[in-house]
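Colleague: I'd like to go over a predicted model; first the sequence, then the structure.
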Amino acid sequence: MAHSPKDDALGSNVDQKQPTPDPAFDLPWYRWWVFEQIRKQPPRLLSSLRDYKPDEDSTVVIHVLWNQIRQVLLASGPRSIDGITDILISHNIIDIESSYEAVLSVKDLVFSIVGLQTMLYQPYFDPSCPGGYRIADEMNGYHGATRLSLYQPSDSGTRDLPEFLLGFGLMLPPPNYCVDENDDDQQLFNRIKTIVPSDIDAYVLSRLCGITFQWIDSLSCHLELDKHSGTLFLYRYPSFCVSCLQQYESCHGKEGRKSALHSCAIETSGSLPWASEESVAELLHEILLSYRVIFGQNRRSRAVFRKLRPFASVPKQGRDQSLAEFCGKKRLKNPFAPIEQEEYDLAIDFPHLRSRIAQLSGHVSSKKPRSVRRLWKDRRDSPSWLAYWSALTFGLMGLLLVLIQTVFQILQYVDSLEHEDSS
């Protein structure tokens, strides 16, 4: 295989000592999730691993590969799918036997592991259409800003990771960036400056606006809204965000990248519409805060969460228990518990999720109650709600008084007729 200068630089920056284990594996659910995802991949991906035997437990072999890829990602310097593949081959972790098909399988394997280590996407392999890089359609055909494309050609593997991932969509948005070119969406982005939790909490979204929640495994799709189907997509593994933040803080100031997710950041802000390492940490904090805004800060919204089943198809060992803590508890005891407020400035509190929250808020404000019951429950604008129902109440009372007065007049008229007949 041909080596580029970037690949040589990457290889020289990789420490040859034993890679350190991935701290994310300390999460109870993560190990099950990773091996479940690997089990779903085509068998050919693992066939090139040395010492891999399909009929035997492959846990140790996969861990060696996993830690090696993670070490390459954390090393300083540029990195790409092709570059990581070359390093694995040079370290004799992979046995390609000079086979072109084997090399493609290794690249697909690296692509898969990067997706699992970052949880930005889930790889997808179409047996009927081999070649290139594909990611799973987790949003049922909806293509938001994070999923502008589900496919990239094979030669895109030479690109640096941020540029490569941007080919699929804006998975790691920079602060205060509006991805939509539509004039209405840009006006919405610029018009909505602040929100209060009652603008977009789960009770308002589900009970008043008819929005359904769909829980997904890719954090890049968090808070994507499909207006056509009325579906809000939510990431269901907040403890992974906490783990990445812990790695970031423990390595802050040290050379090299902080986590596999941070390795997908750009080196220099402004070179691409993409997040820097610091911005990735801010994005993770925003995701954690969004759970509180949508569910945790409102009693009725916490009740909505408790009726949801975010892990309905997942066995107990694959469930993130911290999701119930962030969404269903009034008070958090987590060390990364976000600071809750009565009002949020989107440019300050949600700079990376600003575009998505602005779209969600704008969509909610455009929804009007279509029944008296929903009208009664819709208290998003308390002064207007109070004024409307006060006017309606006094109006009904006035009508009732007029009705009573009319009845008395009729009774008096009937009584006078009876008196005339008797006389």
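Modeller: Arrived safely, thanks for sending. Numbers count the residues shown, from 1 in each chain.
Colleague: contacts, neighbours, all on C-alpha from now
Modeller: Fine.
Colleague: Helices of the stretch 301-423 of the chain, start to end?
Modeller: Secondary structure of the stretch 301-423 of the chain, counting by DSSP state H, counting those that start in this stretch: helices at 322-328, 346-349, 354-366, 372-377, 382-422.
Colleague: for these, which one sits closest to residue 170?
Modeller: For the helices of the stretch 301-423 of the chain, proximity to residue 170 was assessed by Cα to Cα; helix 354-366 is nearest, at 11.6 Å.
Colleague: now for the closest one, which elements pack on it?
Modeller: Helix 354-366 makes packing contacts with helix 183-191, helix 197-200, strand 224-226 when contacts are defined by 3 or more Cα pairs under 8 Å, 6 or more residues apart in numbering; DSSP states H and E.
Colleague: Could you say which one of the ones you listed comes nearest to residue 308?
Modeller: Proximity of the helices and strands packed on helix 354-366 to residue 308 was assessed by Cα to Cα; the nearest stretch is helix 197-200, lying at 17.1 Å.
Colleague: got the contact list for that closest one?
Modeller: 204, 293-294, 297-298, 342-343, 360-361, 364-365, 380 (Cα atoms under 8 Å, 6 or more residues apart in numbering).
Colleague: low pLDDT regions in the stretch 201-350 of the chain?
Modeller: Applying pLDDT under 70 to the stretch 201-350 of the chain picks out residues 252-257, 270.
Colleague: re the thing from before, for the helices and strands packed on helix 354-366, please prepare CSV with the additional fields distance to residue 105.
Modeller: Supplementary listing: the helices and strands packed on helix 354-366 in CSV, determined by distance: least, Cα to Cα, whole Å:
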stretch, distance to residue 105
helix 183-191, 41
helix 197-200, 44
strand 224-226, 32
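Colleague: before we move on, the earlier item: mean pLDDT for the helices of the stretch 301-423 of the chain: which is lowest?
Modeller: When the helices of the stretch 301-423 of the chain are compared on average pLDDT, helix 372-377 comes out lowest at a mean of 52.
Colleague: who touches residue 337 in this structure?
Modeller: 288-289.
Colleague: any idea how far it lies from residue 327?
Modeller: According to Cα to Cα, to the nearest Å, residue 337 stands 11 Å off from residue 327.
Colleague: what about residue 233, which SS state?
Modeller: Here residue 233 is strand, with the state taken from DSSP: H, G, I helix; E, B strand; the rest coil.
Colleague: Tally up the residues packed near the closest residue to it other than its chain neighbours, please.
Modeller: Leaving aside its sequence neighbours, residue 233 sits nearest to residue 214 (Cα to Cα, 6 or more residues apart in numbering; 4.9 Å). Counted by other Cα atoms under 10 Å, the residues lying close to residue 214 total 16.
Colleague: Repeat that for residue 151.
Modeller: Residue 151: 16 neighbours (other Cα under 10 Å).
Colleague: Next up, phi/psi of it, please.
Modeller: Main-chain torsions, residue 151, degrees, to the nearest 10: phi -140, psi 140.
Colleague: That one reaches residue 132, doesn't it?
Modeller: Yes - taking Cα atoms under 8 Å as the definition, residue 151 is a contact partner of residue 132 at 7.0 Å.
Colleague: just the strands in the stretch 201-350 of the chain please.
Modeller: Shown for the stretch 201-350 of the chain, the strands assigned by DSSP state E, counting those that start in this stretch span residues 212-216, 224-226, 231-235, 344-345.
Colleague: so what strands line up beside the second one?
Modeller: As defined by DSSP bridges, the strand partners of strand 224-226 come to strand 231-235 (antiparallel).
Colleague: and the angle from the strand it pairs with to strand 212-216?
Modeller: 30 degrees (axes from the mean of the first three to the mean of the last three Cα atoms, to 10 degrees).
Colleague: ok now strand 231-235, how far from the chain's centre?
Modeller: Computed by Cα atoms, centre = their mean, to the nearest Å, the chain-centroid distance of strand 231-235 equals 7 Å.
Colleague: residues in contact with stretch 269-284?
Modeller: Under Cα under 8 Å, 6+ apart, the answer for stretch 269-284 is 162-163, 166, 170, 172-175, 177, 241-242, 244-245, 248, 261-263, 265-268, 350, 352-353.
Colleague: mind redoing it with 7 Å?
Modeller: 172-174, 241, 245, 262, 265-267, 352 (Cα atoms under 7 Å, 6 or more residues apart in numbering).
Colleague: from those residues, which two are the most distant?
Modeller: 241 and 267 (20.9 Å).
Colleague: Looking at these two now, which is surrounded by more residues?
Modeller: A side-by-side neighbour count of residue 241 and residue 267, using other Cα under 10 Å, places residue 241 first with 21 against 17.
Colleague: contacting residues for that one?
Modeller: Residues in contact with residue 241 (Cα under 7 Å, 6+ apart) are residue 284.
Colleague: ditto for the one 5 residues further on
Modeller: Contacts for residue 246 were tallied using Cα under 7 Å, 6+ apart; there are none.
Colleague: circling back to that earlier point, would a markdown table of the helices of the stretch 301-423 of the chain with distance to residue 103 be doable?
Modeller: Supplementary listing: the helices of the stretch 301-423 of the chain in a markdown table, determined by distance: least, Cα to Cα, whole Å:
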| stretch | distance to residue 103 |
| --- | --- |
| helix 322-328 | 39 |
| helix 346-349 | 45 |
| helix 354-366 | 39 |
| helix 372-377 | 59 |
| helix 382-422 | 63 |
